[in-house]
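*Asks:* Model the structure of this input:
(one chain, ligands or ions: 1)
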Amino acid sequence: METVNAALAVDLPDDPPWQDVQVREYLAETMPGERRISWVAEDDRVAEGEGRIFGHVSMLLLGDIGVLDVLVRPDLRRRGLGSQLVAFAARRAYLEGFSSIGVEAIGGTSAIAFYEALGFNKEYVETRSVLCLDAVDWPALGDMSTGIGPGYRIEFHPGGPPEALLEPYAQAKLEAQDDDDDDLDLAPRSSDPQRLRDSLNTLHKRGLKPYIVLAIHESSGTVAGLTEVVVPAQHPERADQYDTIVVREHRGYGIDRAIKARMLFELRAAEPGLREVQTWNAQHNESMLKVNAELGYEADRDWYEYGADVAHLVQTLEHIH
Ligand SMILES: CC(C)(COP(=O)(O)OP(=O)(O)OC[C@H]1O[C@@H](n2cnc3c(N)ncnc32)[C@H](O)[C@@H]1OP(=O)(O)O)[C@@H](O)C(=O)NCCC(=O)NCCS
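*Replies:* Predicted structure coming up:
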């Protein structure tokens, strides 16, 4: 955690530092069927586990790809440590038969030049936006939260959707999946009820508390829209917006605005320590960007997904030991 905070202070100085709450669980718990392998670089002049952590790499193995997270202490960068950590992970992925490696790199940090130097390709870009609750126009938000077409009901579910709604909830996610398959899917959506149940359990175990607002189409009982926000125990001042989906046939009735506005009211009441919410959007997703701007989100920085072929990466890093 101390290493993460040292990096945050340099790379993302406006992000809240981590607290020592469920950090082990955050790093160790995965969805069933997924594995995460982590390595740390430590000071070899002191006994194992007693010195500072110089750097860290973790690799989440899902499907046929390994998703990396690499971090080197700011005072120890440009000495080859980052490359060494990637080499360890890439060799392991290669030995286990994985075909590609993906990683998120944050615009405006050294990670961009680093992954490009290692031969990774830029595959996808999103913009992160941040909303400060202090700056929200609450009366305007009140109008948005009620400005929804007739025939829809809005529901709030802290902790996740109730069991009886898992099936229609998964169905709404499944329909949305076809809409944007240009996303690399480093975090695939949970689009069947069992996977959704597993995903909610995993979030809870990792200290990530989900909040859900749904729009129910009353005559059919289907989920017409949903929005998900997660409050991490590690930095409860800043929540993460996950999926927001309005099923195609229910678009144009104010659902996107209404569910997001309702969510902000609920979060304000449920999480007194919360100050900001962050969200990631594809730059072509104009209608969602417009609604986010109305709510008060401000663009922060670009967030990239880079990818590399495992065999090629192992070869590039061959000289590193
Ligand atoms: C990206 C990161 C892991 C690189 O670690 P590192 O130990 O400095 O990497 P290396 O020394 O192995 O660098 C390898 C090559 O990458 C390139 N590179 C790395 N950092 C660079 C920079 N700041 N500018 C230009 N090129 C850079 C260089 O080509 C370098 O080779 P060189 O030093 O011989 O020129 C490190 O900067 C880091 O932890 N960044 C964190 C970014 C982040 O995500 N922060 C937010 C979350 S807390």
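
*Asks:* Let's verify residue 287: helix, strand, or coil?
*Replies:* helix (DSSP: H, G, I helix; E, B strand; the rest coil).

*Asks:* Neighbours of it, how many?
*Replies:* 11 (other CB atoms under 10 Å). Placement of C-beta: from N, CA and C, glycine included.

*Asks:* Could you do the one 3 residues further on as well?
*Replies:* Residue neighbour count, defined by other CB under 10 Å, stands at 11 for residue 290.

*Asks:* Please apply the same query to residue 2.
*Replies:* Residues near residue 2, counting by other CB under 10 Å: 12.

*Asks:* correct me, but it touches residue 52?
*Replies:* Yes - applying CB atoms under 8 Å as the test, residue 2 and residue 52 come out as touching, 7.3 Å apart.

*Asks:* any idea which element the most far-flung residue of the chain relative to its centre lies in?
*Replies:* No residue in the chain has its C-alpha farther from the mean C-alpha position than residue 45, which lies at 36.4 Å (CA atoms, centre = their mean). Secondary structure from DSSP states H and E places residue 45 outside every helix and strand.

*Asks:* burial of the residue of the chain at minimum distance from the ligand, as a residue count?
*Replies:* Relative to the ligand, the nearest point of the chain is residue 82 (2.4 Å; CB to the nearest ligand atom). Using other CB under 10 Å, residue 82 has 23 other residues around it.

*Asks:* Would you mind naming what in the stretch 101-250 of the chain lies close to the ligand?
*Replies:* 106, 109-111, 113-114, 117 (CB under 6 Å from any ligand atom).

*Asks:* Next one: the residue nearest to residue 80 when sequence neighbours are not counted from residue 81, what distance?
*Replies:* Spatially, and ignoring its direct neighbours in sequence, residue 80 is nearest to residue 320 (7.1 Å; CB to CB, 6 or more residues apart in numbering). From residue 320 across to residue 81, the span is 10 Å (CB to CB, to the nearest Å).

*Asks:* same check, this time on residue 42
*Replies:* 11 Å.

*Asks:* From what I see, residue 232 and residue 240 are in contact.
*Replies:* Yes - contact criterion CB under 8 Å: residue 232 and residue 240 qualify, at 6.9 Å.

*Asks:* Which one's more surrounded, the two?
*Replies:* With neighbours defined as other CB under 10 Å, residue 232 and residue 240 compare such that residue 232 has more, 21 against 17.

*Asks:* The more buried one pairs with what?
*Replies:* For residue 232, the beta-bridge partners under DSSP bridges are residue 208.

*Asks:* picking up where we left off before, if you skip the residues just before and after it, what's nearest to the residue of the chain closest to the ligand?
*Replies:* That would be residue 72: by CB to CB, 6+ apart, it lies 4.8 Å from residue 82.

*Asks:* Could you do residue 279 as well?
*Replies:* residue 241 is the one closest to residue 279 (CB to CB, 6+ apart), at 3.6 Å.
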